[in-house]
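J.: Okay, sequence plus prediction incoming.
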Amino acid sequence: MESILSILIFFPALAATVGFVVDKNSIRAYALTVTAIEFVLSLVLWYSFDTQNPLMQFTEFFPLIASYGIAYRVGVDGISLFLVIMTTLMTMIAVIGLSEKRDLKHLLITVLYLEMTMVAVFLVLDAIVFYTFWELSLVPMFYIIGAWGGKLRIYSTLKFFLYTFTGSLIMLVGMLYLGYVYFQTTGHWSFYLEDWYLIQLPFSMQLWLFAAFFFGFAIKVPMFPFHTWLPYAHGQAPTIGSVILAAVLLKMGTYGFIRFSLPLFPDASVYFTYPMAILALIAIVYTAMVAYAQEDMKQVIAYSSVSHMGVIILGTFALNVEGIGGSVFLMISHGIVSGALFMLVGMIYERRHTKMIKDFGGLAVSMPKFATIFAVMLMASVGLPLTIGFVGEFLSLLGFFRVSPILTVIAGLTIIFGAVYMLVMYKKSFFGPCDKSENQNLEDIKGREVVALIPLVALVIILGIYPKIILDPLDTTVSGLIQQMHNKAILPETKARLYELNSIGEVEK
């Protein structure tokens with residue numbers, strides 16, 4: 001177990017490199033074996049994880065550029081643990097459900113390299129190494145959309161890359177400056193997050209650094225008004241690209257806020273609570289209305305993702321245990337549900353070669369299994385109680401209710417709006433007469449499609465009924481995060497605000 005985090009990071013990349021010599025007829029089985037092993041390793045990590053310990057566990061250290069304090073440092077806590085498990089699970093599920101036939105070998109090799117970068121982002125504790133993997137994740141996704149995407153794939157790929165790369169460069173400036181501040185304070189360089197957590201920054205400096213990190217994370221989420229790249233990327237990406245993009249890559253931005261912005265800049269985080277909430281509310285309401293106006297099933301789900309990510313941001317900046325824990329749980333639930341929905345749309349596209357809602361109707365008659373699973377995921381997406389989607393949304397909104405009941409009521413409209421546009425899409429596509437001849441003899445899902453979807457359906461129900469297995473370790477880590485923010489804050493009003501938002505005494509504990 002001493003090197004399990006490094007194995008989790010580099011095993012997919014090593015396997016991808018070996019994959020170049022694997023026969024193209026065996027590459028699917030090979031990639032599935034690799035992703036399954038990676039998933040099992042993440043479960044072993046969970047089994048060995050101490051859920052009562054809020055600190056980083058299984059840490060590893062290897063110096064890279066000692067003179068500037070840059071080192072390979074990795075560790076896992078209750079937040080990153082479940083994001084890693086979700087990453088390995090959804091990558092494996094995406095490979096199982098893969099229907100792409102064009103140059104399958106290179107597509108799967110690219111997916112394995114992408115898995116390496118995603119897992120690393122959630123485990124690395126050195127800012128420069130974090131940034132390296134953060135940027136490296138753009139390359140495989142750039143290739144996946146650009147090589148296997150639709151007619152507008154080049155435009156979509158460039159927009160995706162330029163948006164995210166520009167934001168990341170601004171974030172890099174903030175990281176380098178923060179490293180310099182640490183040098184000026186202590187006399188030696190370090191980009192280790194745990195070292196950065198120990199220094200207190202002037203309030204004005206926190207504001208500027210928060211803004212620098214904001215651009216990198218907000219564009220990746222994506223938050224309004226930086227969201228316009230996402231519908232294009234989803235619309236043109238192959239199914240496996242959309243599944244991984246929605247399930248994992250978007251969560252890297254919200255994870256960044258929790259790992260960097262909150263503990264490093266606690267006073268600025270409290271100061272920007274309402275501006276962040278306003279941007280989140282605009283995303284929640286505006287993109288929900290845009291989703292209602294879409295005629296393409298995939299675009300409905302793409303704009304739905306932006307709306308749900310707004311709820312995650314709202315929970316994060318509730319700055320209490322319920323809100324932050326709920327936002328992380330919602331990251332996991334959204335990853336599972338949105339990934340499944342994109343996979344389902346990809347399956348119907350393979351059969352009909354269209355994603356337009358008007359081209360369907362009566363699918364529940366010709367594809368009853370498909371319609372049933374789609375309905376389960378749709379209900380989870382709109383936050384039906386006893387499904388995984390309800391838990392995260394409820395806790396996120398409950399957490400922010402302590403900040404502002406009025407804004408929380410407005411945010412709660414996402415449940416109503418989500419139900420409207422999702423149920424309208426479902427009604428038009430699955431109910432009514434099956435009067436189009438192309439839809440009357442469609443083959444229902446079977447084989448590998450069922451194998452890919454059934455585990456996700458099970459998780460939607462099991463974690464909706466019994467979320468405790470994830471929430472308990474999350475609460476332990478999030479309580480430690482709140483304590484860390486309280487200790488690092490320099491303004492008395494920030495400390496008072498954190499105490500107020502965690503009024504049951506979590507901060508004091």
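T.: Received the coordinates, thanks.
J.: hang on, Pro63 in a strand?
T.: Yes: the assignment for Pro63 (DSSP: H, G, I helix; E, B strand; the rest coil) places it in a strand.
J.: give the contact list for it.
T.: By Cβ atoms under 8 Å, 6 or more residues apart in numbering, Pro63 lies in contact with Ile70, Ala71, Tyr72. Every C-beta, even on glycine, is put in place using the N, C-alpha and C of the backbone.
J.: Next: Leu344.
T.: Leu344 makes contact with Phe370, Ile373, Phe374, Met377, Leu453, according to Cβ under 8 Å, 6+ apart.
J.: out of these, what pair is the most spread apart?
T.: Phe370 and Met377 (10.9 Å; Cβ to Cβ).
J.: Residue ranges in the stretch 51-200 of the chain under the pLDDT threshold?
T.: Of all residues in the stretch 51-200 of the chain, none has pLDDT under 70.
J.: burial of the nearest residue to Leu89 once chain neighbours are set aside, as a residue count?
T.: Leaving aside its chain neighbours, Leu89 sits nearest to Phe39 (5.7 Å; criterion: Cβ to Cβ, 6 or more residues apart in numbering). Phe39 sits with 18 neighbouring residues when counted by other Cβ atoms under 10 Å.
J.: tell me which element Phe39 is part of?
T.: Using DSSP states H and E, Phe39 sits in helix 27-48.
J.: Kindly confirm whether my reading is correct that Met116 touches Leu8.
T.: No: shown here, Met116 and Leu8 do not form a contact pair, counting by Cβ atoms under 8 Å, at 9.1 Å.
J.: what about the two, which has more around it?
T.: It is Leu8, of Met116 and Leu8, that has more neighbours when counted by other Cβ under 10 Å, with 26 against 23.
J.: Make sure that one is indeed in a strand.
T.: No: applying three-state DSSP, one finds Leu8 to be helix, outside a strand.
J.: Helix 27-48 and the host helix or strand of Tyr113, what's the angle between them?
T.: Here Tyr113, judged by DSSP H and E, is contained in helix 104-123. Relative orientation of helix 104-123 versus helix 27-48 (axes from the mean of the first three to the mean of the last three Cα atoms, to 10 degrees): 20 degrees.
J.: in helix 104-123, what's buried?
T.: Neighbour-count burial for helix 104-123, counted by 16 or more other Cβ atoms under 10 Å, picks out 104-123.
J.: what's downstream of that helix, the next helix or strand?
T.: Scanning forward in sequence from helix 104-123 by DSSP H and E, the next helix or strand is helix 127-136.
J.: Which strands and helices lie in contact with the top helix by length along the chain?
T.: If you go by DSSP state H, the chain has its longest helix at helix 153-186. Secondary-structure packing of helix 153-186 (3 or more Cβ pairs under 8 Å, 6 or more residues apart in numbering; DSSP states H and E): helix 127-136, helix 138-148, helix 193-196, helix 203-220, helix 229-236.
J.: Can you check which of the ones you listed gets nearest to Phe417?
T.: With Cβ to Cβ as the criterion, Phe417 lies closest to helix 229-236 of the helices and strands packed on helix 153-186, at 16.8 Å.
J.: what's the angle from that closest one to helix 203-220?
T.: 20 degrees.
J.: Could you list the buried residues of whichever helix or strand comes after helix 229-236?
T.: The first helix or strand that comes after helix 229-236 along the chain, using DSSP H and E, is helix 239-244. Neighbour counts over helix 239-244 (16+ other Cβ under 10 Å) mark Thr239, Ile240, Gly241, Ser242, Val243, Ile244 as buried.
J.: Could I get the average pLDDT for the next helix or strand after helix 239-244?
T.: For helix 239-244, the following helix or strand on the C-terminal side (DSSP H and E) is helix 250-256. Average pLDDT, helix 250-256: 92.
J.: coming back round to it: of all the helices and strands packed on helix 153-186, which gets the most neighbours per residue?
T.: Ranked by mean neighbour count, the helices and strands packed on helix 153-186 are led by helix 229-236 with a mean of 24 (mean count of other Cβ atoms under 10 Å).
J.: pLDDT of that helix, averaged?
T.: For helix 229-236, mean pLDDT rounds to 84.
J.: same check, this time on stretch 12-26
T.: For stretch 12-26, the per-residue pLDDT averages 92.
J.: what does stretch 393-413 contact?
T.: Defining contact as Cβ under 8 Å, 6+ apart, one finds that stretch 393-413 is touched by 273-274, 277, 280-281, 284-285, 288, 310-312, 314-315, 317-327, 329-330, 383, 414-415, 500-501, 503.
J.: nope, stretch 81-92 is what I meant
T.: Residues outside stretch 81-92 that contact it (Cβ under 8 Å, 6+ apart): 8, 32, 35-36, 38-39, 41-43, 45-46, 49, 76, 111, 114-115, 118-119, 122-123, 243-244, 247-248, 251, 255, 328, 331-332, 335-336, 339, 455, 470, 473-474.
J.: quick one on the thing from earlier: now that we have the contacts of Leu344, can you turn them into TSV and tack on pLDDT, neighbour count and secondary structure?
T.: Shown next, in TSV, are the contacts of Leu344 (pLDDT from 0 to 100; neighbours: other Cβ atoms under 10 Å; DSSP: H, G, I helix; E, B strand; the rest coil):
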residue	pLDDT	neighbour count	secondary structure
Phe370	91	24	helix
Ile373	94	23	helix
Phe374	93	26	helix
Met377	94	25	helix
Leu453	93	24	helix
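J.: With distance to Val18 as added columns, please give these in TSV.
T.: Formatted as TSV, the contacts of Leu344 follow (distance: Cβ to Cβ, whole Å):
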residue	distance to Val18
Phe370	36
Ile373	35
Phe374	37
Met377	35
Leu453	29
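J.: Let me know the closest of these to Phe160.
T.: Met377 (24.9 Å).
J.: Confirm Ala375 sits in a strand?
T.: No: applying three-state DSSP, one finds Ala375 to be helix, outside a strand.
J.: burial count for the residue nearest to it when sequence neighbours are not counted?
T.: The shortest distance from Ala375 to any non-neighbouring residue, by Cβ to Cβ, 6+ apart, is to Tyr426 (6.9 Å). Using other Cβ under 10 Å, Tyr426 is surrounded by 19 other residues.
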